[in-house]
Structures are given as C-alpha cells and as structure tokens.
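Colleague: no sequence for this one, just the structure:
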C-alpha cells in the first residue's frame, strides 16, 4: 500500500513517515518545505515538492497509485491564527478542501487527519475525552474543527473513510536520530526550554504562577512524537480493515507543570534553565490533560515513550549539538 503524506518533511510528518516505512508501507512525501526540510525525508520514501494550494500539484501526486493519505500540512500557531486568520483559512481549510477534491478525482478513499486538542477549547471537565464539547477559543482550533466536519460530509457523500486524531502537546524526537532537523519556529514549552538549556536563548518566560495547581504554574499533557506516529499507522490499519471512521484523542492522561518541565530539563541536560515569571496569557487554563481510552480500546495504542524524561532526553540529543 502506498501512502501520500502531506507535510511529511515537517516535524511530526517526518516521524510519521518513519513509522510507515518501518511498518512496510510505501511512502510518498508531499511538502512545500515552508516548515519542513528535505533532509528530514527518509531515503526509502519518494519526495514531491508541492503545495495543497495547487490543484495541479495535488492531482499529479495523487495520480501515482496512492492508496491513502495522511494529512499533516497545516499551520498550527494558535496565537498567530488570531492575528492572521487569512493565512490559516487559506492553508488549513482551503488546502484541505483541495486535497479532498483531488482525492475524490483520483478515487482515493482513506485519509488520516492531523487534528488537535484545540477543538475542545477551555476544558469544562478533566480529563478531556472525545465527548467533551467542541468550543475552540482560537482560530487555529476552529479551522481544524471545520475540517473534521467537512470530513464527515465527504465520508457520507463521497465514501471517504477517515480518522481524525486529536493531538495534545507533541514533543520529543526519534530515539535513533533519524530526524536531523529541529522544528522550525517552535512555540511550545519543551522546545523553548531546550533552546534555553542549549544557549540559544538566555532565559524564558513563565506565564503565570497563580494557577490552581501544585506549584502555581499551568499543567499540560505531553506526548512523544514517536507515539503519535505509531497512532497514525494503527489508525490507517483500522480504517482500512473496518471501513469505518474514527475520532480519538492522543494523549497520556499525565500532566506536568511548567516548573516540572524546567526541573526535569535541568536534570536531563545538566544545565540551568533561567526563567522569569510574568502575567498569565488570556485563555490559558490551569490544567489540560486528556484521556485516550478510546484509542487504546479501538487501536491497541498506548503512549510508550511519553515520560517527561524520555521526551527531554530525545530532544537534548539534537539541541545539545548547537
């Protein structure tokens, strides 16, 4: 089976490509390299430089015997989505519509979609499960929710089977060092901590220390990118065998505070991570953790690599080279 991976040269995409290849799939990576690196693409995979905003690029890529698509080509900075919604509308929604239309034209009937915990918005209860209300509080989350709804329609009207995988906070790198490039323009906590530990930044900001948590800083659920990649392979197998749709959380159910992460990073790296406490950011919940029971029950999936020390060790291997 040959799988087209949009965004397959990016941070998460390159790990998904490795998991597919290791599982015996043939892979074609489709990426415009705006956020990815060609050197991230494993030599076992084919590579097409192209954009989901180009119908001709998509038609050409999907005409090459593609059996399924894993769609990872999206912008994901929640803050930026609130100041530049046009960018997110065009790339995340129009690009996905173009892809679905090209899939319909090529008679490709399987897609795994990279969704997000941002579809839930502010947590009404913890841990968050798939029945939680869908009320995104940023435009990025809204674009992902709109794609999920579009997938439901294309499934009903065009017979496309899909899995929507709602990620929580992805981190870590391939333990064997097969992804040589760091994520471009990271906005998440763990890479910022690594940048401070490696000397790329002098210090970092901690947004608020008056939350209702053990140490006053926000608590989040982090998942290793290798565990995420494994879930994509299992989801592909599921929709291929069952021919039914799937929407699941991918998380660990374990929360770490900002200060937990900083202390763990200092232990793993042997470096100090200076920080300054500043005011909270609007919209940040005290705690956000999720449950992935559904993914475990239906896919036989669990987060094997997502302990905070494992996450940080695999990141430090790459960051300490700077």
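Modeller: Okay, I see it. Source: prediction; values computed, not measured. Residues are numbered from 1 along each chain as shown.
Colleague: roughly how far apart are residue 242 and residue 269?
Modeller: Remark: distance between residue 242 and residue 269 (C-beta to C-beta, to the nearest Å) = 44 Å. C-beta: built from backbone N, CA, C; applies to glycine.
Colleague: so for the two, which residue has more residues nearby?
Modeller: The neighbour count for residue 242 versus residue 269, taken as other C-beta atoms under 10 Å, is higher for residue 269 (20 against 11).
Colleague: contact partners for the closest residue to the more buried one other than its chain neighbours?
Modeller: Nearest residue to residue 269 in three dimensions, chain neighbours excluded: residue 197, at 4.4 Å (C-beta to C-beta, 6 or more residues apart in numbering). Contacts for residue 197 were tallied using C-beta atoms under 8 Å, 6 or more residues apart in numbering; they are 265, 266, 269, 271, 272, 273, 316, 319.
Colleague: try residue 48
Modeller: Applying C-beta under 8 Å, 6+ apart to residue 48 gives the contacts 28, 29, 30, 31, 57, 60, 61.
Colleague: and it, bridged to which residues?
Modeller: Counting by DSSP bridges, residue 48 forms beta bridges with residue 30.
Colleague: can you check the pLDDT for it?
Modeller: We have a pLDDT of 98 for residue 48.
Colleague: and for residue 322?
Modeller: According to the prediction, residue 322 has pLDDT 67.
Colleague: likewise residue 244?
Modeller: On the pLDDT scale, residue 244 is placed at 92.
Colleague: same thing with the one 5 residues further on?
Modeller: Turning to residue 249, the model gives it a pLDDT of 98.
Colleague: show me what contacts it?
Modeller: Neighbour list for residue 249: 117, 128, 129, 130, 166, 168, 290, 291, 292, 294, 295 [criterion: C-beta under 8 Å, 6+ apart].
Colleague: residue contacts, the second one?
Modeller: Going back to what we said before, that points to residue 128. Shown in contact with residue 128 (C-beta under 8 Å, 6+ apart): 117, 120, 249, 251, 288, 289, 290, 291.
Colleague: just those: which are in helices?
Modeller: Of these, none are assigned to helices by DSSP state H.
Colleague: let's see if you can find the most crowded of those.
Modeller: When neighbours are counted by other C-beta under 10 Å, residue 251 leads these with 28 neighbours.
Colleague: residues contacting it?
Modeller: If you count contacts by C-beta under 8 Å, 6+ apart, residue 251 has them with 117, 127, 128, 167, 168, 221, 223, 289, 290, 291, 292, 303.
Colleague: how about 7 Å then?
Modeller: Going by C-beta atoms under 7 Å, 6 or more residues apart in numbering, residue 251 touches 168, 221, 223, 289, 290, 292.
Colleague: quick one on the thing from earlier: ok, now how distant is the residue nearest to residue 269 from residue 232?
Modeller: For residue 197, the distance to residue 232 equals 29 Å [C-beta to C-beta].
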